[in-house]
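Enquirer: Coordinates for the following, if possible.
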Amino acid sequence: WYQRRVRGELTKMKPELSEEKLTALQGNAKTEVSSYAAMLQKQCDAVQESCAAALAPSIKRISAVVAASTTSEDRFSNLMVYRLPERGKDDSIQLRAVFEELEEAPVVKEIVRLGKPVDKSSARPLKVTLQDKDAVRRVLARGSRLKDSSTFGRMFLTPDRILEEREERRRVVQLLKEKREAESGKTFRIRGSTVVEVTLSE
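Expert: Predicted coordinates:
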């Protein structure tokens, strides 16, 4: 548009200009238009880069949420087993004994030790994938029985939580400990993400 306007103005002036001057003016106008177009392109590129940089954190957060939502569905079929002694290929045998203690017989699809071995005195967490989330729910519902077991009394089971959920769980557990120490005559339990006082009949 700008170039067309300049060309039109020069055309009006043509009778008053020599051919040489007209050619020079056209050349100058072309150079100016090119410079103006380059400046506009540079500004557009800068705006695009600025927008991309501004949107990058939001896009990253959205991607993380989508990924977490997707993997969350997969985690519903997992449970975590802590403090089960490491005995190489005997993990499946030990796990079967744990389930027998809980009077459950779920179908185990996968067993994986998480992390690198440290020493024989500490056992890595065990991620166990069962056939479905209902099987996980049943096993976890009976998990508290392990504390009365002479064989598996040190073990405990939890859902497969993401980092944020684990941090929140640690916070609530710490709050539970503080409540029990401060009010030893009362009974407290964790309900969801809060600590509540309960009676012995609950």
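Enquirer: quick one: the strands in the chain?
Expert: Using DSSP state E, the strands found in the chain span residues 78-82, 108-113, 126-130, 156-159, 187-191, 194-198.
Enquirer: Would you map the helices across the chain?
Expert: 2-13, 19-75, 91-101, 133-141, 163-182 (DSSP state H).
Enquirer: Excluding residues flanking it in the chain, which one is nearest residue 173?
Expert: Nearest non-adjacent residue to residue 173, counting by Cβ to Cβ, 6 or more residues apart in numbering: residue 190, 7.2 Å away. (Glycine included, C-beta is placed from N, CA and C.)
Enquirer: Tell me who's in contact with that neighbour.
Expert: Going by Cβ atoms under 8 Å, 6 or more residues apart in numbering, residue 190 touches 172-173, 176, 196.
Enquirer: thinking again about what came up before, of all the strands of the chain, which lies closest to residue 102?
Expert: strand 156-159 (8.7 Å; Cβ to Cβ).
Enquirer: in the closest one, what's buried?
Expert: 157, 159 (16 or more other Cβ atoms under 10 Å).
Enquirer: What helices and strands are in contact with it?
Expert: strand 78-82, helix 133-141 (3 or more Cβ pairs under 8 Å, 6 or more residues apart in numbering; DSSP states H and E).
Enquirer: Put together TSV for the strands of the chain, with distance to residue 150 and mean pLDDT on each row.
Expert: Rendered in TSV, the data for these read as follows (distance: least, Cβ to Cβ, whole Å; pLDDT from 0 to 100):
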stretch	distance to residue 150	mean pLDDT
strand 78-82	18	92
strand 108-113	24	91
strand 126-130	20	93
strand 156-159	16	91
strand 187-191	25	80
strand 194-198	28	81
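Enquirer: if I look at the residue nearest to residue 138 when sequence neighbours are not counted, how far off is residue 137?
Expert: Of all residues beyond its chain neighbours, the one nearest residue 138 is residue 104 (5.9 Å), with distances taken as Cβ to Cβ, 6+ apart. Distance, residue 104 to residue 137, by Cβ to Cβ, to the nearest Å: 11 Å.
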